[in-house]
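# how would this look folded up:
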Amino acid sequence: MNFTGKKVLFTVLLALVFFTALLFLEPLFFIERFEEERFDEEFIENLKLDLYCPVFLEERVFITNNLARYCNDSELNSEGVKIELIEKEFLKNGKAVGIIKADFEKSEPEVFLIGVAKPEGHFTTRKVNGDFNNSSFLDGFFKIEILVGEDTVVEKYSLTEAGFLRVFDQWTERSSSTHGFSLKIPEGWTAKLSRSEIIFYSQTGEEAVRINVNQEEGDFQKGSYFYRFSSDPVYEKALEEMIDSFGFKEIDELPDYRYFQDELTDYLKINTVTGKLGFYENGDLKENFEMLAAIDPATWGGTPSGLYEVISKEGLRFSTTTSVYMPFSVRFYGKYLIHGQPFYPGGAPFYSRISGGCIRVETEKMRRLYDFLEAGLPVLSITAQQDGFEPEEKSLEKPPEVSAESFLVADLDSGKVFLDKNPEDRHHISSIVKMLTAVVVAEHMGTTSSIRASDYMLKEDNSRITPNRSYRMVDVLAPLLIESSDDAARFLSHYLGRDWTMKRLKEKTDQIGMHNTQLVDVTGRDEENLASARDLYYLAYYLNHTRIPILNISRGVWAPGINYHVFPGLENKNIFYEKDDFLGGKTGLNGGSASGFYIFKMKMGGVERRVAFIALNSSGKDELTRDILNLKEWLTFSIKK
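Just a heads-up that it's a prediction; the model follows:
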């Protein structure tokens, strides 16, 4: 038997001796009790115990250097030991509890809670972990003071049928990324997770509380409520605390743009996922039309998604970009049309499976659709649909420390919200506005269109844009999105007209689901430029599914047609641009606060997902960086890869 095993054996034997003395009142050591508190003879006779190492505690202390005299084990002879009774109590229900301190000569002292949990003489022990300082017994609980460094930690224990259980004065907050709630659980409890329920186990391994998450009705909102399995009053107290702390995320799921349909009756639905155009009357599908050309969101020609309307019916229109005629053309947004099969001026048909963002339909069918469409008719464009991703949670993680007043973490392909805080609150978004400026400019003018700079367009003394020089629009997006140049934003807005650009910016926010956004200038300088975390999710969603080149420029990588040499030496102010998993985003700084939205690729459920991390009004740039990293780390440990 090794030394550790001997100590454990001796502790158990000592506990037997100690409480046999308590129950029999035999002279192993003497305890004064009132006569009416004595156990009756029937109880004593029915108590069957085998005694080992009987020791006599004089004034609550036993000391020896030769345990063989008591335990008949010569291997214990060389070790001195001191056993001290620190605390004892007889409970009204016939239970007895105490604290003993075992001081072995060759090791640190060890302190044990020991008790008789059942009338049959079942002993239970619990080692006190840490440097024992003091103890007291009050209202049925042991209070233990433990020294941790220079601090004193107080723990309380209750003797139950299951043994000594921690009384739940110390709690830890946990949140479920899959089921969307947060709650406090007692320190030391563990959880077993599944998609349908979460089972909590106490320190002794007993099943204490179960949360079923698939109920249609229950005590809590969103169909989740508690079951309690243990009848122990200690668990009952814990359950009450857990119920009081229980709370749900504000948003479970953010829908794709099909949610616009809820308010539409007569409308045209473009769905590039299914390749169909559907004309609806009174909410019912009247006729489907097949698309002939696909779009490519990785290029500048991606079809815009969101809710628009028929602007004009333009009949036979000539494209200066491809030098072809487009019959039965209908414009629904910016430079984007729905039209029949294009042909060259000589009549030869134009063949291409890739569209520049316009929607192409067989000419004869487009003739019929053309008759259905009138100016002002809503046009709903769907370029992506949720994929039903259901992540599997691997642990209940403590919510991350985040200084931001509002944040949101959500999957861009399913709309699944993992974590949020005040996602509807509006905050100043500063230079994040420039992302929208880039979107509007790119969608209303050709990327290779040239703009000549004039003095009145520029305000910054150190502007990278030189007066009396022409620049291609796509090249100016580099200082706009990488270095967050205000002059680049002003310069681009002058090409389309300052007032006209601001009008289109405001329209764009409604068209792509940013319904709580307020914009007053193209640079983001004005503090009245406001948006919520939910709004910025839809900006990230739109860019991810429609304008990938803008995201690429924000992290300084190749985008179609761009020439980074036009503006050499740009300093990227988007804080994660060097990260391999960063897909794009924008940082906004405003004095002592900072906000940002960022898209990262993350491995979850065996596949690569694209996740938006949004934080508004963090305490500063460094704090914003920590906020996003803490949110990423939390999600990494919450969801199975």
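# give me the buried positions along stretch 349-361.
Residues 355-361 are the ones in stretch 349-361 that count as buried (16 or more other CB atoms under 10 Å). Yep, even glycine has a C-beta here, placed from its N, CA and C like the rest.
# among those, which are in strands?
359-360 (DSSP state E).
# redo the buried residues of stretch 349-361 as TSV? Include pLDDT and distance to Trp634.
As requested, the buried residues of stretch 349-361 are exported to TSV (pLDDT from 0 to 100; distance: CB to CB, whole Å):
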residue	pLDDT	distance to Trp634
Ser355	69	41
Gly356	70	42
Gly357	78	38
Cys358	87	43
Ile359	92	41
Arg360	93	45
Val361	94	47
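# for Leu113, state which of the buried residues of stretch 349-361 is nearest.
The nearest member of the buried residues of stretch 349-361 to Leu113, counting by CB to CB, is Gly357 at 73.2 Å.
# skipping its backbone neighbours, what lies nearest the closest one in space?
Distances taken as CB to CB, 6 or more residues apart in numbering put Gly301 closest to Gly357, at 4.2 Å, once the chain neighbours are dropped.
# now do Thr636
With CB to CB, 6+ apart as the criterion, Thr636 has its nearest non-adjacent residue at 7.3 Å, and that residue is Met602.
# ok, now how distant is that neighbour from Asp455?
In this view, Met602 and Asp455 are 47 Å apart by CB to CB, to the nearest Å.
# these two - which one has more neighbours?
Set side by side, Met602 and Asp455 show more neighbours around Met602, with 17 against 8, by other CB atoms under 10 Å.
# wait, isn't that one in contact with Asp581?
Yes. Using CB atoms under 8 Å, Met602 makes contact with Asp581 at a distance of 6.9 Å.
# give me the number of residues near Ala191?
By other CB under 10 Å, the residues close to Ala191 number 16.
# now it: how far from Phe200?
Taken as CB to CB, the span from Ala191 to Phe200 is 5 Å.
# touching both of those two, which residues are there?
Common neighbours of Ala191 and Phe200, counting by CB atoms under 8 Å, 6 or more residues apart in numbering, are Ile185.
# tell me, what's the model's pLDDT at the residue positioned nearest the centre of the chain?
Geometric centre of the chain, nearest residue: Leu419, 3.3 Å, by CA atoms, centre = their mean. The model reports Leu419 with a pLDDT of 94.
# for the nearest residue to it once chain neighbours are set aside, name its beta-bridge partners.
Excluding its sequence neighbours, the residue lying closest to Leu419 (CB to CB, 6+ apart) is Val409, at 4.7 Å. Beta bridges link Val409 to Leu419, Phe613 when assigned by DSSP bridges.
# read off the pLDDT value for Val409.
97.
# try Tyr351
Turning to Tyr351, the model gives it a pLDDT of 80.
# mind checking the SS state of it?
coil (DSSP: H, G, I helix; E, B strand; the rest coil).
# could you measure from it over to Leu292?
To Leu292, Tyr351 is 10 Å away according to CB to CB.
# then Asp486?
For Asp486, the distance to Leu292 equals 43 Å [CB to CB].
# next one: Arg472
Going from Arg472 to Leu292 by CB to CB gives 31 Å.
# ok so, going back, residues contacting the residue nearest to the centre of the chain?
175, 177, 249, 399-400, 407-409, 631, 634-635.
# what does Thr152 give?
Thr152 is in contact with 133, 145-146, counting by CB under 8 Å, 6+ apart.
# for Arg426, which non-adjacent residue is closest in space?
With sequence-adjacent residues excluded and distances taken as CB to CB, 6+ apart, Arg426 is closest to Leu530, at 4.2 Å.
# ok, that neighbour - contacts?
Listed by CB under 8 Å, 6+ apart, the contact set of Leu530 reads 426-429, 517-518.
# give the bridge partners for it, please.
On the basis of DSSP bridges, Leu530 is bridged to His428, Gln518.
# how about the secondary structure of Phe318?
The three-state label given to Phe318 by three-state DSSP is strand.
# quick check: closest non-adjacent residue to it.
Leaving out its chain neighbours, the residue that sits closest to Phe318 by CB to CB, 6+ apart is Tyr325, at 5.6 Å.
# next SSE downstream of the helix or strand in which that neighbour is found?
Here Tyr325, judged by DSSP states H and E, is contained in strand 324-333. Next along the chain after strand 324-333, taking DSSP H and E as the criterion, comes strand 336-339.
# quick one: contacts of that following strand?
By CB under 8 Å, 6+ apart, strand 336-339 touches 268, 270, 277, 303-304, 314, 317, 326-332, 357-361, 366, 369, 373, 443.
# need the next SSE after the lowest-mean-pLDDT helix or strand in the chain, C-terminal direction.
Ranking every helix and strand in the chain by mean pLDDT, DSSP states H and E puts helix 41-46 at the bottom, with a mean of 30. Using DSSP H and E, the helix or strand that directly follows helix 41-46 along the chain is strand 61-64.
# okay, and Asn133 sits in which element?
Secondary structure from DSSP H and E places Asn133 in strand 131-138.
# ugh, wrong one, I meant Glu89
Here Glu89, judged by DSSP H and E, is contained in strand 81-90.
# show me what counts as buried in that strand.
The neighbour-count check on strand 81-90 (16+ other CB under 10 Å) flags 81, 83-85, 87-90 as buried.
# what is the nearest of those to Ser593?
Glu87 (53.9 Å).
# could you find the closest non-adjacent residue to the closest one?
Ile99 (4.1 Å).
# is the one you found in a helix, a strand, or coil?
Under three-state DSSP, Ile99 falls in the strand class.
# quick one, what contacts it?
By CB under 8 Å, 6+ apart, the contact set of Ile99 is 85-88, 111-114, 128, 135, 142, 144.
# grab the nearest non-local neighbour of Ser638.
Distances taken as CB to CB, 6+ apart place Ser177 nearest to Ser638, at 4.1 Å, with adjacent residues excluded.
# contacting residues around the one you found?
Counting by CB under 8 Å, 6+ apart, Ser177 touches 391, 393, 397, 418-419, 634-635, 638-639.
# cool, and Arg498?
Contacts of Arg498 (CB under 8 Å, 6+ apart): Val522.
# all helices for the chain, in order.
Secondary structure of the chain by DSSP state H: the helices cover 3-24, 41-46, 68-71, 233-245, 363-372, 433-444, 473-481, 486-496, 498-511, 533-546, 548-554, 621-638.
# Throw the ones you listed into CSV and include distance to Glu309, thanks.
As requested, the helices of the chain are arranged in CSV below (distance: least, CB to CB, whole Å):
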stretch, distance to Glu309
helix 3-24, 79
helix 41-46, 88
helix 68-71, 92
helix 233-245, 48
helix 363-372, 14
helix 433-444, 15
helix 473-481, 25
helix 486-496, 20
helix 498-511, 9
helix 533-546, 18
helix 548-554, 24
helix 621-638, 37
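# least reliable of those helices by average pLDDT, please.
Looking at those, the lowest mean pLDDT belongs to helix 41-46 (a mean of 30).
# thought Ala478 was touching Phe567, still the case?
Yes. Taking CB under 8 Å as the definition, Phe567 is a contact partner of Ala478 at 5.3 Å.
# before we move on, the earlier item: how close does the residue nearest to Thr636 sit to Lys641?
9 Å.
# give the buried residues for stretch 442-455.
Residues of stretch 442-455 classed as buried by neighbour count (16+ other CB under 10 Å): 442-447, 451, 453.
# likewise stretch 151-165?
With burial defined by 16+ other CB under 10 Å, the residues of stretch 151-165 counted as buried are 155-160, 162-165.
# circling back: so what touches the strand holding Tyr325?
268, 304, 308-319, 337-345, 350, 358, 363, 366-367, 369-370, 373, 379, 381, 443, 511.
# now do stretch 584-592
Contact with stretch 584-592 is made by 428-435, 481, 484, 524, 527, 540, 543, 548, 550-552, 554-555, 573-576, 594-599, 619-621, 624, as judged by CB under 8 Å, 6+ apart.
# now it: average pLDDT?
For stretch 584-592, mean pLDDT rounds to 92.
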